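>>> here are the coordinates; sequence isn't available:
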């Protein structure tokens, strides 16, 4: 995956470039808004990581200009401003996700990976049935089956599983779950989300020898066909 | 010269001057209409008088002719013509030959006309050739003679002249007076505005204590000055608030930063194996994550207290938000062996931030789960309720734990205050401060009460004032 980081703080930028490369991605860096705009417009990037406060051209204007030029690359906005309406402003300008500073790199990585995948599947091509191994989730009839056996889920559990399966084979963090399943953007300091996931896991994985909901240590959760090594 | 020109230019550009000019114009127009009406009326009155004196003269002369014949008429006309200030008389034959009277030359055809009309004439006793204006009437006497009686209207013309002159003088007077008055008024206003500008400029350069003078007249400039002063007060308040917040943050962050530093320092001195170093680094990262959390919470509280989160507020249903958060924590409570009793009234519209309310609720539920465990071993209950009460939405989170002694209830709302009994548990002592700040931002309050036993936290937020009938489409957007 090709990532462009537009960030004026050199130290933060080189940390990000290095960390993304270690995670197996190609990462470029632009130090101001205009350079970033030029690179984003030409280069074929999968995701742009844009700081809100940039010299020469601020982050939101940059995104707005890109969208006007029909550059639809997914954008994640990084911002030191963590206020409620800043998120709204960022998303309204054409950003796809918003992460207040300071953040954990695992959170950023998970969000960037989900964004890059979202690009490949526009809403129209999104399947109505998600399948992972023998687990099936039908988004229209709201039915979940595993090995043909129906599993009864509460509405919120259904949405949780839906989001996890939509992003199968991707790390999904606790904050992302709180955002997409409960529509809250604060930092879940306690293990509220973990409890919900473990309840869901009890319904999905219990009685089957291959677990599908995995805990990724220090990051979050992932639905995938079982691989050993990263379990709790 | 240049300076005075620019001062004049400034004067001319002021609103007061333009207003004076407009008034001047309006007054001038009114004055002209008024004077014109008077002049016209005076003219009409005079003309009517002339006509009636001509009529009565014709009456008496025609009677003389009827009873005394031409001879008496001529004698009388000759006599009357000679009297001082005489009217104009002329008696002619049918063919227009002069028989008697004091009127000399007349324009042709005059004698053929009837009724009153104005014409030029010359007197017989006048030598100069300049004809005067007169209003005349020609009367056809029986026997073909014509009798013309008229009155000189030079007088009327003079009156007209007087009136016109009055017109001119009053115009001059109005314009001069208007300009001078306007200039004085404008200068007065301009001086006050200049004073205000001077003071505000002074304030802008850093003297935030300065205030505009109030003249005490209660006029619009006074009100403006008052508003500006109020605004300056508010700015001062905000600046003091910001100052306080940044001082507090600096102070509050020193403790955890020192702890972080000490931990790293200790690891550097004591750890010898890579594993020990690794775990020390992990502990340091965890500590700095906590620091980030504290920092975020503090910043959030500070922003809420400064009141600048207000622009992001919208209308939403508190009932739904409370149910959502309760549902979020239900699983966690169950895991901890606590039953969460939720009783939420339907439809509780408030104006605020669903996000912040969620955060505050989460903090309250966190606290209830952390500190609300009963002394005995009996099954634990936390109740969450939301209902209307006196124009407020009251959200109540109550536990059956040890509660908070009455003396401590005010203190625990302050930042970083943790009770002795809570020290052993994780937390920073910011949860209630944040919830209280959220309540204040919404114009509500946070109240701690005894749940006998346990703690009852009441988050009261004002209901949305007037439920607008059927305008949800606009308000939703």
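Arrived safely. From a predicted model like this one, the values you see are computed outputs, not experimental measurements.

>>> per-residue confidence for residue B:468?
Here, the pLDDT recorded for residue B:468 equals 47.

>>> Please name the residues that touch the nearest residue to residue A:30 once chain neighbours are set aside.
Spatially, and ignoring its direct neighbours in sequence, residue A:30 is nearest to residue A:36 (3.7 Å; CB to CB, 6 or more residues apart in numbering or on different chains). All C-beta atoms are positioned from the backbone trio N, CA, C, and that covers glycine. By CB atoms under 8 Å, 6 or more residues apart in numbering or on different chains, residue A:36 lies in contact with A:4, A:6, A:30, A:48, A:50, A:54, A:57, A:62.

>>> cool, and residue B:450?
B:403, B:406, B:456.

>>> Filter those residues down to the buried ones.
B:403, B:456 (16 or more other CB atoms under 10 Å in any protein chain shown).

>>> Could you export the contacts of residue B:450 to JSON lines, including columns for distance to residue B:313?
Converted to JSON lines, those look like this (distance: CB to CB, whole Å):
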{"residue": "B:403", "distance to residue B:313": "33"}
{"residue": "B:406", "distance to residue B:313": "33"}
{"residue": "B:456", "distance to residue B:313": "27"}
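
>>> quick one: low-confidence ranges for the chain?
Just so you know, I chose chain A. For chain A, residues meeting the criterion pLDDT under 70 lie at A:81-85, A:119-125, A:189, A:226-232.

>>> looking at chain B here, not the other one
B:1-5, B:125-129, B:245, B:307-311, B:374-379, B:415-428, B:465-477.

>>> Near chain A, which residues of it are found?
B:289, B:292-293, B:295-296, B:299-300, B:303, B:309, B:311-312, B:324-325, B:327-329, B:331-332, B:334-335, B:353, B:355-356, B:358-359, B:362, B:366, B:369 (CB under 8 Å from any CB of the partner chain).

>>> next SSE after the biggest helix by length in chain A?
Using DSSP state H to define each element, chain A has its longest helix at helix A:105-120. Note on helix A:105-120: by DSSP states H and E, the next helix or strand toward the C-terminus is strand A:129-132.

>>> Provide the strand pairings for that following strand, with the direction of each partner.
strand A:135-138 (antiparallel) (DSSP bridges).

>>> And for residue B:384, the neighbour number?
By other CB atoms under 10 Å in any protein chain shown, the residues close to residue B:384 number 24.

>>> pretty sure it contacts residue B:319?
No. Contact criterion CB atoms under 8 Å: residue B:384 and residue B:319 do not qualify, at 11.4 Å.

>>> Now for these two: what residues contact both?
residue B:344.

>>> Surely residue A:67 and residue A:95 touch.
No. Residue A:67 is beyond contact range of residue A:95, at 9.5 Å (criterion: CB under 8 Å).

>>> which one of the two has more residues nearby?
Applying other CB under 10 Å to residue A:67 and residue A:95 shows that residue A:95 carries more neighbours, namely 23 against 15.

>>> Do I have it right that the more buried one meets residue A:63?
Yes. Using CB under 8 Å, residue A:95 is in contact with residue A:63, at 5.6 Å.

>>> Give the residues shared as contacts by those two.
With CB under 8 Å, 6+ apart as the test, residue A:95 and residue A:63 both reach A:50, A:75, A:77.

>>> Among the residues you listed, name the ones in helices.
Counting by DSSP H, the shared contacts of residue A:95 and residue A:63 contribute nothing to helices.

>>> Identify, from those, the entry nearest to chain B.
Within the shared contacts of residue A:95 and residue A:63, the smallest distance to chain B is 16.2 Å, found for residue A:77 (CB to the nearest CB).

>>> what about the closest one, how many neighbours?
26.

>>> Helices of the stretch 151-300 of chain B, start to end?
Counting by DSSP state H, counting those that start in this stretch, the stretch 151-300 of chain B has helices at residues B:154-204, B:220-270, B:274-306.

>>> could I get the shared contacts of residue A:95 and residue A:63 as TSV with distance to chain B?
As requested, the shared contacts of residue A:95 and residue A:63 are exported to TSV (distance: CB to the nearest CB, whole Å):
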residue	distance to chain B
A:50	21
A:75	21
A:77	16
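
>>> Give me the neighbour count for whatever residue of the stretch 1-150 of chain B ends up closest to chain A.
The stretch 1-150 of chain B approaches chain A most closely through residue B:13 (37.2 Å), counting by CB to the nearest CB. Using other CB under 10 Å, residue B:13 is surrounded by 10 other residues.

>>> Likewise for the one 3 residues further on?
By other CB under 10 Å, 18 other residues sit near residue B:16.

>>> From the contacts of residue B:450, which land in strands?
Mapping these onto strands (DSSP state E) picks out residue B:456.

>>> residue contacts, the most centrally placed residue in chain A?
Chain A has residue A:111 as the residue nearest its centroid, 2.7 Å off, counting by CA atoms, centre = their mean. Contact analysis of residue A:111 by CB under 8 Å, 6+ apart lists A:76, A:97, A:99, A:173, A:176.

>>> Equivalent analysis for residue B:43, please.
So residue B:43 contacts B:156, B:159, B:160 (CB under 8 Å, 6+ apart).

>>> ok, 10 Å please
By CB atoms under 10 Å, 6 or more residues apart in numbering or on different chains, the contact list for residue B:43 reads B:153, B:156, B:159, B:160, B:163.

>>> Against residue A:79, how distant is it?
84 Å (CB to CB, to the nearest Å).

>>> go on, residue A:144?
37 Å.

>>> go on, residue B:410?
For residue B:410, the distance to residue A:79 - CB to CB - is 35 Å.

>>> Find the nearest non-adjacent residue to residue A:71, please.
residue A:41 (5.8 Å).

>>> Which strand or helix spans the one you found?
Assigned by DSSP H and E, residue A:41 falls within helix A:33-42.

>>> buried residues in that helix?
Across helix A:33-42, burial judged by 16+ other CB under 10 Å covers A:33, A:35, A:36, A:37, A:39, A:40.

>>> would you turn the residues you listed into TSV with distance to residue B:76?
Below are those laid out as TSV (distance: CB to CB, whole Å):
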residue	distance to residue B:76
A:33	112
A:35	118
A:36	117
A:37	113
A:39	120
A:40	117
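
>>> Quick check: of the residues you listed, which lies closest to residue B:7?
When the buried residues of helix A:33-42 are ranked by distance to residue B:7 (CB to CB), residue A:33 comes first, at 46.7 Å.

>>> Chain B versus the closest one, what's the distance?
Using CB to the nearest CB, to the nearest Å, one gets 25 Å for the distance from residue A:33 to chain B.

>>> For that residue, list the residues it contacts.
Residue A:33 makes contact with A:6, A:8, A:50-51, A:53-62, A:65 under the criterion CB under 10 Å, 6+ apart.
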